[in-house]
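Undergrad: A predicted structure for the sequence below; I have some questions about it.
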Amino acid sequence: MDSSLNARRRARELREVAEERVDVLVVGLGATGAGAALDAASRGLSVAAIDAHDLAFGTSRWSSKMIHGGLRYLAKGQVDVAYESAVERGILLRRTAPHLVRAHPYMLPLTSALSRRQAALVMAGYRLGDVLRAAARTPRRLLPGPARLNAARAHTLAPVLSGDGLRGALLSWDGRLVDDARLVVAIARTAAAHGARVLTRCRALRLSDQGATVRDELTGEELTVRARAVINATGVWAGSLDPEVRLRPSRGTHLVLRPGTLPGLIAGMHLPIPGESNRFALVLPQRDGRVYVGLTDEPVDGPVPDVPEAPEEDVRALLDVLNGVLETQVTREAVAGAYAGLRPLLAADGRTADLSRRHAVLLSGGGVVTVVGGKLTTYRRMAEDAVDRAVSSRNLPAGRSRTRKIPLVGAGTQPSGVPARLAERYGSEAGAVHELVKAYPEEVGLGITEGELMWSVAHEGALDEGDLLDRRTRIGLVREDRDRALATTRDVLDRTRHA
Ligand SMILES: Cc1cc2nc3c(=O)[nH]c(=O)nc-3n(C[C@H](O)[C@H](O)[C@H](O)COP(=O)(O)OP(=O)(O)OC[C@H]3O[C@@H](n4cnc5c(N)ncnc54)[C@H](O)[C@@H]3O)c2cc1C
């Protein structure tokens, strides 16, 4: 079946869903829900998957974009969680999304903030991480082992580092996503290719073991979606649909630095947070030249907002950690944007920074399966566990999960002769996108052209300018960039809708 998502397909499939009874209704189209839709559809089940807003509207687009082997969990003795991460990282790198996930080097500068003993402990952790890599059968050629660098080599990878007291750096490798929202789009389209009805702008108002009352957010109309099993994959909002689920959200903020702010930075960096033994800030250079700096971990109470705000104190705190290692200080004015996401952690006693990143699959008294916690890296495993639970609790006619072996849309052979940026974002579809880009080459921002926006409307389910600027592209992370791109984006939408 075709993987393309667009307004026409949405309208048709919404009508069909209102008339049928599906095997599985998945609520929420972040990485976890999109993963569950793919898992269930590829087992031969009929699936409807809905989101109140858009693909990747929630936490999945606010991550650090790392596909990681779980070093932090190792440090806490959670070897099983770390191993699961390492296995899932290997699956993404080797089989399901090699176009979207690449190995990337990260450096921990050895400054006076890190004692020799701490450095030795970190290196031991890196070596253990490398053992897990091997156990997860990810070859060294895809993910090189850790190394110690002298100060001169550290400066080559990060010329911005202050030379004062720099003893060198510890180098490690991990997976990096070209963009988290693109991963979700690829999963959702692959689910659609397996027959799942993927419907954005459809809000679940109430869930039961028989389905959901759903509101079409484009028309305000309510409909009943009948289903044999219901999976609640609404992340940090899961408790609003199932009161038995208790979450303790934790906010993580990232800064967005403009291209050129940290010149010559090749490697990512782990920076020790003063006063914390096992927490590091991350400096994450992106393909588009921007650099993200994260990440805080602060418990949040009260109602969960649609789009969390990055508070000024988080911005200042991150800048302080960053400036602690730089030769030339980054000023507040140089921070072009900031974003925050809420981790959907299960409620438990203790600091949110210490709460387990393990995922949980819960079957509530009402018969709804809820899947929460975990991380982007392990979305596939979370989805598999949730669908297993739905299948067993409702006796659905389905075999075992097949998603370990299903390449996501774009994972095939990359065409030659296309710009590297397109190849990285679109993989095997880059040739078709390139043709559109050649026909509509006007730039909208960050090197992205009108042709790419048109592709997103025709194939990636983008319905409005927010979908295009904030999720299919990340132009919207910096307000001025967004404002500059808005008129052209609206124009593209108008032209594409009337084409
Ligand atoms: C700051 C930060 C950094 C992180 N960095 C990393 C990282 O580098 N690597 C990693 O592996 N993990 C990372 N994580 C964790 C990871 O991002 C999350 O665990 C993951 O994205 C959660 O995905 P999800 O699909 O479960 O939830 P979400 O992405 O939040 O999806 C839930 C969806 O449900 C929808 N929804 C809500 N209510 C309704 C309703 N009533 N009806 C219909 N739809 C509804 C929302 O619109 C949303 O799209 C990070 C998390 C944070 C906060």
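TA: Cool, the structure landed. Residues are numbered from 1 along each chain as shown.

Undergrad: I'd like to know how far Pro146 sits from the ligand.
TA: With distances taken as C-beta to the nearest ligand atom, to the nearest Å, Pro146 is found 19 Å from the ligand. (Each C-beta comes from the backbone N, C-alpha and C, glycine too.)

Undergrad: Then Val418?
TA: Remark: distance between Val418 and the ligand (C-beta to the nearest ligand atom) = 27 Å.

Undergrad: ok, now Arg400?
TA: Separation of Arg400 from the ligand (C-beta to the nearest ligand atom) stands at 22 Å.

Undergrad: and the spatially closest residue to that residue that is not a sequence neighbour, how many neighbours does it have?
TA: If the residues on either side of it in the chain are set aside, Arg400 comes closest to Arg43, at 7.6 Å by C-beta to C-beta, 6 or more residues apart in numbering. Residues lying near Arg43 (other C-beta atoms under 10 Å) number 23.

Undergrad: near the ligand, which residues of the stretch 51-200 of the chain show up?
TA: 51-53, 57-60, 62-66, 68 (C-beta under 6 Å from any ligand atom).

Undergrad: For the residue nearest to Arg400, give its distance to the ligand.
TA: Look at Arg43 and the ligand: by C-beta to the nearest ligand atom, they are 19 Å apart.

Undergrad: Also Glu480?
TA: The spacing between Glu480 and the ligand, counted by C-beta to the nearest ligand atom, is 23 Å.

Undergrad: now Val368
TA: Distance from Val368 to the ligand, by C-beta to the nearest ligand atom: 12 Å.

Undergrad: my read: that residue touches Gly211, true?
TA: No. Using C-beta atoms under 8 Å, Val368 makes no contact with Gly211, being 10.1 Å away.

Undergrad: the more surrounded of the two?
TA: Val368 (25 against 21).

Undergrad: residues touching the more buried one, list them.
TA: Leu207, Ser208, Asp209, Val230, Ile231, Asn232, Leu241, Asp242 (C-beta atoms under 8 Å, 6 or more residues apart in numbering).

Undergrad: Repeat that for Leu436.
TA: Leu436 touches Gly451, Glu452, Met454, Trp455, counting by C-beta under 8 Å, 6+ apart.

Undergrad: and the residues you listed as CSV, adding secondary structure?
TA: Formatted as CSV, the contacts of Leu436 follow (DSSP: H, G, I helix; E, B strand; the rest coil):
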residue, secondary structure
Gly451, helix
Glu452, helix
Met454, helix
Trp455, helix
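
Undergrad: Helix or strand with the lowest mean pLDDT in the chain?
TA: Ranking every helix and strand in the chain by mean pLDDT, DSSP states H and E puts helix 71-75 at the bottom, with a mean of 77.

Undergrad: Using CSV, write out every CA atom in that one.
TA: Extracted C-alpha coordinates of helix 71-75, given in CSV (Å, rounded to 0.1, in the frame of the first residue of the first chain):
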residue,chain,number,x,y,z
LEU,A,71,25.4,4.9,29.3
ARG,A,72,23.5,6.8,32.0
TYR,A,73,21.6,3.6,32.9
LEU,A,74,24.8,1.7,33.2
ALA,A,75,26.1,4.2,35.7
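
Undergrad: Other residues contacting that helix?
TA: Contacts for helix 71-75 (C-beta under 8 Å, 6+ apart): 79, 81-82, 85, 125-126, 128-129, 132, 172, 174, 278, 357.

Undergrad: Would you enumerate the residues in contact with the residue nearest the centre of the chain?
TA: Centroid-nearest residue in the chain: Asp180, 3.2 Å away (criterion: C-alpha atoms, centre = their mean). Neighbour list for Asp180: Ala31, Ala56, Ser60, Arg61, Trp62, Ser63, Lys65, Leu376 [criterion: C-beta under 8 Å, 6+ apart].

Undergrad: and it, backbone torsions?
TA: Asp180 adopts backbone torsions of phi -70, psi -40, taken as degrees, to the nearest 10.
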